[in-house]
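>>> Let's see this in three dimensions:
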Amino acid sequence: MTAPASIIVQGLTLNELVDAVADAVAERIGTPKTGGSDNVRPSLVSTPVLAEQLSISRAKAHKLAEDGVIPFVWCGDVRRFDFDEVKAALKARGRVAK
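Numbering: from 1, shown residues only. Below is the predicted model of the structure:
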């Protein structure tokens, strides 16, 4: 594992800090960087939020992830889901997603 990139905070506006953190995270997880706070970034949702959006239980959401039916990423010790990717995965398997 490589050491995390350093971020110098002094003298940054809040938006610049948010961008720097987002770029560091994107680089760490291997997604393309985006510039500027106004750009759309993928939003990752927690298991409870995903379960609510899909009208399923949290246990079912965990099971779908564990079985490889829906994609997720680990953020520390918790799963996070890109809702658009989850919907696409469910659609590709012939399952209904809102």
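>>> Sketch out the helices for this structure, chain order is fine.
14-29, 47-54, 58-66, 83-92 (DSSP state H).
>>> Need the winner for burial among those.
Comparing the helices of the chain by mean neighbour count (mean count of other CB atoms under 10 Å), helix 47-54 comes out on top with a mean of 17. All C-beta atoms are positioned from the backbone trio N, CA, C, and that covers glycine.
>>> So which residues make contact with that helix?
The contact list for helix 47-54, computed with CB atoms under 8 Å, 6 or more residues apart in numbering, reads 45, 57-58, 60-62, 78-79, 81, 83, 86, 90, 97-98.
>>> Mind putting these into CSV with distance to Phe72?
Compiled in CSV, the contacts of helix 47-54 are given as follows (distance: CB to CB, whole Å):
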residue, distance to Phe72
Val45, 10
Ser57, 16
Arg58, 13
Lys60, 14
Ala61, 9
His62, 10
Val78, 10
Arg79, 4
Phe81, 5
Phe83, 11
Val86, 8
Leu90, 13
Ala97, 15
Lys98, 18
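>>> Out of these, which two sit at the greatest distance?
Val78 and Lys98 (22.7 Å; CB to CB).
>>> Based on its surroundings, how many neighbours for Gly68?
Using other CB atoms under 10 Å, Gly68 has 9 neighbouring residues.
>>> Backbone dihedrals for it, please?
With angles defined as degrees, to the nearest 10, Gly68 sits at phi 80, psi 10.
>>> can you offset everything so residue one is 575?
Shifting the count to begin at 575 puts that one at Gly642.
>>> Please report the distance of it from Gly650.
Gly642 sits 21 Å away from Gly650, going by CB to CB, to the nearest Å.
>>> gap between Glu640 and Phe657?
With CB to CB as the criterion, Glu640 and Phe657 are 18 Å apart.
>>> where's the spatially most distant residue from the centre of the chain relative to Asp597, distance?
Distance to the chain centre peaks in the chain at Gly585, reaching 28.3 Å (criterion: CA atoms, centre = their mean). Gly585 is 17 Å from Asp597, where distance means CB to CB.
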